[in-house]
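Visitor: Have a look; sequence and predicted model below, questions after that.
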Amino acid sequence: MTYEEIEKYISDIPRFTKKNSLNHTASFLQKMGNPQKRMKIIHVAGTNGKGSVCAFVSGILCKCKKKTGLFVSPHLTDITERISINGNNVNKDKFVQSFHRIKSIVEEMEIKGYSHPGYFEYLFLMAMDIFDKEGMEYVVLETGLGGRLDATNVIEQPEVTIISSIGLDHTEILGDTIEKIAGEKAGIIKPYVPVIYQGENTLVNEVIEKNAEEKHSEAVKCCHADYKIIKKYDNCIDFCVRSGYYLNTIFSIPFIAEYQVENAVLALKAVERLEDIKEDIEHIKEGISKVRWHGRMEQVMPGVYFDGAHNGPGIDEFVKTVSQYQCDGDKYILFSAVKEKDYRYMAEKICRGIMPKKVFVTQIDGDRSLSSHIIANEFKDLDIYISDNIKDAFLKALDEKKNEDVLFCTGSLYLTGELIRLFRQGIVNGGL
């Protein structure tokens with residue numbers, strides 16, 4: 001099978017399989033020789049920010065000269081983004097080779113009565129196979145959905161676990177209260193393994209701390225009091241950590257959103273628990289400062305930012321960042337959302353918290369698409385441009401934006417992915 005055929009095969013998996021148990025995934029790993037036992041694993045869960053935390057941790061490990069694998073989701077433009085080796089997406093040849101190795105195991109296991117792995121499970125198995133073949137020393141794993149029942153939770157003895165910001169999202173699966181969702185995320189906590197967690201919500205803290213206590217795990221809370229922002233620029237933030245360990249060290253991250261400082265602090269607190277790198281402060285600083293994480297309040301060209309905020313907590317942080325952003329001109333918004341998200345809430349927050357000069361509304365392709373006209377109804381008190389075509393809406397926004405103005409594109413990671421494709425296809429010239 002070619003790479004393109006494999007990509008289609010994997011994307012079609014949800015059509016002919018179901019969610020499997022952790023025992024099911026463990027059985028496949030056992031058949032593979034339990035590669036997870038030959039790696040040091042950092043396991044990360046959360047509602048928002050977990051991907052950024054993974055990127056920070058991976059960036060630090062790479063700069064500290066550790067062979068590092070990174071498994072994240074979703075991808076923005078190419079499925080190989082989910083599996084990284086030493087900071088680079090796995091190449092397509094290795095991806096193809098791993099697919100065939102796993103497919104051979106799947107066929108053998110199906111004969112024994114095991115069901116086909118699901119979409120996420122298949123990619124997770126491929127990631128562990130690739131990391132094993134490439135001799136990764138460290139692997140950073142991001143959960144897909146939740147934590148307790150996530151395929152990645154077959155990992156029995158990680159070096160450290162991290163839980164980023166938790167909010168109400170995927171309530172139909174994870175529960176309709178913050179405590180229930182926190183309980184699912186806290187499912188990644190393992191006996192005697194430290195957990196680093198974002199500690200701004202008392203209800204969440206209680207759940208995590210109870211789980212950690214039951215498992216005799218050190219619980220390290222991170223909150224606003226643990227860091228101080230030194231200076232904000234138009235493309236980075238300097239900050240320090242209020243910790244004797246990082247005393248007088250000034251860190252810099254290449255983002256403009258304060259929530260990324262919180263994510264960086266979670267990463268810094270986690271690597272304090274890694275004995276073989278925690279003293280390498282200069283490389284830790286460099287790893288934080290050089291990280292790239294597409295679509296998370298990312299400046300892609302002068303006066304244009306992409307942010308993949310796609311739920312209530314995410315849009316709250318987006319609005320906070322944009323409302324505080326100082327510019328000489330006006331602020332414009334390009335917005336789209338998928339139909340199962342609370343687009344009404346997101347639109348209301350943007351209207352009230354930012355009051356942009358104009359909103360460009362568009363829609364993504366696919367089964368989850370929400371009509372741009374339905375979305376536009378929520379922005380009815382603002383100047384609106386409506387287009388069903390993302391390319392048209394984006395180019396129109398760029399055409400109307402003056403040099404001193406700023407355009408923020410948000411509402412969906414699918415939107416972000418499509419916009420990135422425009423850059424990579426050469427339709428728009430920028431920094432991607």
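Guide: That came through fine.
Visitor: Run through this structure and note the low-pLDDT ranges.
Guide: For the chain, the stretches with pLDDT under 70 are 16, 169-175, 430-432.
Visitor: So the most centrally placed residue in it versus residue 136, what's the distance?
Guide: Most central in the chain under C-alpha atoms, centre = their mean is residue 51, positioned 2.5 Å from the mean C-alpha point. Going from residue 51 to residue 136 by C-beta to C-beta, to the nearest Å gives 19 Å. (C-beta placed from N, C-alpha, C; glycine too.)
Visitor: pretty sure residue 413 contacts residue 77?
Guide: No. Residue 413 is beyond contact range of residue 77, at 10.6 Å (criterion: C-beta atoms under 8 Å).
Visitor: These two: which is more packed in?
Guide: More crowded of residue 413 and residue 77, by other C-beta atoms under 10 Å: residue 413, with 23 against 17.
Visitor: roughly how far apart are that one and residue 310?
Guide: According to C-beta to C-beta, residue 413 stands 6 Å off from residue 310.
Visitor: What is the helix or strand that contains residue 420 packed up against?
Guide: In this structure, residue 420 is located in helix 413-424 according to DSSP states H and E. Helix 413-424 sits against strand 298-301, strand 304-306, helix 390-400, strand 406-410, with contacts defined as 3 or more C-beta pairs under 8 Å, 6 or more residues apart in numbering; DSSP states H and E.
Visitor: Can you add distance to residue 13 and mean neighbour count and give these back as JSON lines?
Guide: Shown next, in JSON lines, are the helices and strands packed on helix 413-424 (distance: least, C-beta to C-beta, whole Å; neighbours: other C-beta atoms under 10 Å):
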{"stretch": "strand 298-301", "distance to residue 13": "30", "mean neighbour count": "19"}
{"stretch": "strand 304-306", "distance to residue 13": "28", "mean neighbour count": "25"}
{"stretch": "helix 390-400", "distance to residue 13": "26", "mean neighbour count": "18"}
{"stretch": "strand 406-410", "distance to residue 13": "29", "mean neighbour count": "25"}
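Visitor: Could you point out which of those sits nearest residue 226?
Guide: Minimum separation from residue 226 across the helices and strands packed on helix 413-424 (C-beta to C-beta) falls at strand 298-301, 24.8 Å.
Visitor: For that closest one, name the packing helices and strands.
Guide: Against strand 298-301 (3+ C-beta pairs under 8 Å, 6+ apart) you get strand 304-306, helix 413-424.
Visitor: one more time with 7 Å, if that's ok
Guide: The contact analysis (3 or more C-beta pairs under 7 Å, 6 or more residues apart in numbering; DSSP states H and E) places strand 298-301 against strand 304-306.
Visitor: can you pull the contacts of the closest residue to residue 274 other than its chain neighbours?
Guide: Nearest residue to residue 274, sequence neighbours excluded (C-beta to C-beta, 6 or more residues apart in numbering): residue 159, at 6.2 Å. Listed by C-beta atoms under 7 Å, 6 or more residues apart in numbering, the contact partners of residue 159 are 40-42, 273-274.
Visitor: Check residue 70 too.
Guide: Contacts of residue 70 (C-beta under 7 Å, 6+ apart): 54, 58, 84, 140.
Visitor: The first one contacts residue 43, doesn't it?
Guide: No. The pair residue 54 and residue 43 does not pass the contact test of C-beta atoms under 7 Å, sitting 9.8 Å apart.
Visitor: re the thing from before, now intersect the contacts of residue 70 with the strands, please.
Guide: With strands taken from DSSP state E, the overlap with the contacts of residue 70 comprises 84, 140.
Visitor: quick one: which of the contacts of residue 70 is nearest residue 301?
Guide: The closest of those to residue 301 turns out to be residue 84 (C-beta to C-beta; 24.6 Å).
Visitor: Chain neighbours aside, what residue packs nearest to that closest one?
Guide: In space, and not counting its chain neighbours, residue 84 is closest to residue 70: 4.0 Å by C-beta to C-beta, 6+ apart.
Visitor: check which helix or strand covers the one you found.
Guide: Per DSSP H and E: strand 68-71 holds residue 70.
Visitor: mind listing what's buried in that strand?
Guide: Neighbour counts over strand 68-71 (16 or more other C-beta atoms under 10 Å) mark 68-71 as buried.
Visitor: would you list those residues in a markdown table and tack on distance to residue 106?
Guide: A markdown table is the format used below for the buried residues of strand 68-71 (distance: C-beta to C-beta, whole Å):
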| residue | distance to residue 106 |
| --- | --- |
| 68 | 27 |
| 69 | 21 |
| 70 | 24 |
| 71 | 19 |
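Visitor: so how far is stretch 241-253 from its chain's centroid?
Guide: Its chain's C-alpha centre and that of stretch 241-253 lie 24 Å apart, by C-alpha atoms, centre = their mean, to the nearest Å.
Visitor: State the distance from the closest residue to residue 305 other than its chain neighbours to residue 353.
Guide: Using C-beta to C-beta, 6+ apart and skipping the chain neighbours, the partner closest in space to residue 305 is residue 408 (5.1 Å). According to C-beta to C-beta, residue 408 stands 12 Å off from residue 353.
Visitor: in the helix or strand hosting residue 110, what counts as buried?
Guide: Here residue 110 sits within helix 92-111, counting by DSSP H and E. Buried residues in helix 92-111, counted by 16+ other C-beta under 10 Å: 92, 94-96, 98-99, 101-103, 105-106, 109.
Visitor: With stretch 332-352 instead?
Guide: 332-338, 341-343, 346-347, 349-351.
Visitor: what's the answer for stretch 146-166, then?
Guide: 146-155, 158-166.
Visitor: ok, residue 92 touching residue 79?
Guide: No. The pair residue 92 / residue 79 is not scored as a contact, 9.7 Å apart, by C-beta under 7 Å.
Visitor: Name the residues contacting each of the two.
Guide: Common contacts of residue 92 and residue 79 (C-beta under 7 Å, 6+ apart): none found.
Visitor: Out of the contacts of residue 70, the closest to residue 223 would be?
Guide: Closest to residue 223 out of these is residue 54 (20.3 Å), distances taken as C-beta to C-beta.
Visitor: Can you name the residues bridging to the residue nearest to residue 84?
Guide: residue 84, residue 140 (DSSP bridges).
Visitor: Can you tell me how far it is from residue 127?
Guide: 9 Å.
Visitor: I'd like the contacts of residue 70 as a markdown table, with distance to residue 420 appended.
Guide: Written out in a markdown table, the entries for the contacts of residue 70 read as follows (distance: C-beta to C-beta, whole Å):
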| residue | distance to residue 420 |
| --- | --- |
| 54 | 19 |
| 58 | 20 |
| 84 | 16 |
| 140 | 22 |
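Visitor: re earlier: got a list of what the residue nearest to residue 305 touches?
Guide: 305, 307, 322, 331, 333.
Visitor: Nice, that's everything, thank you.
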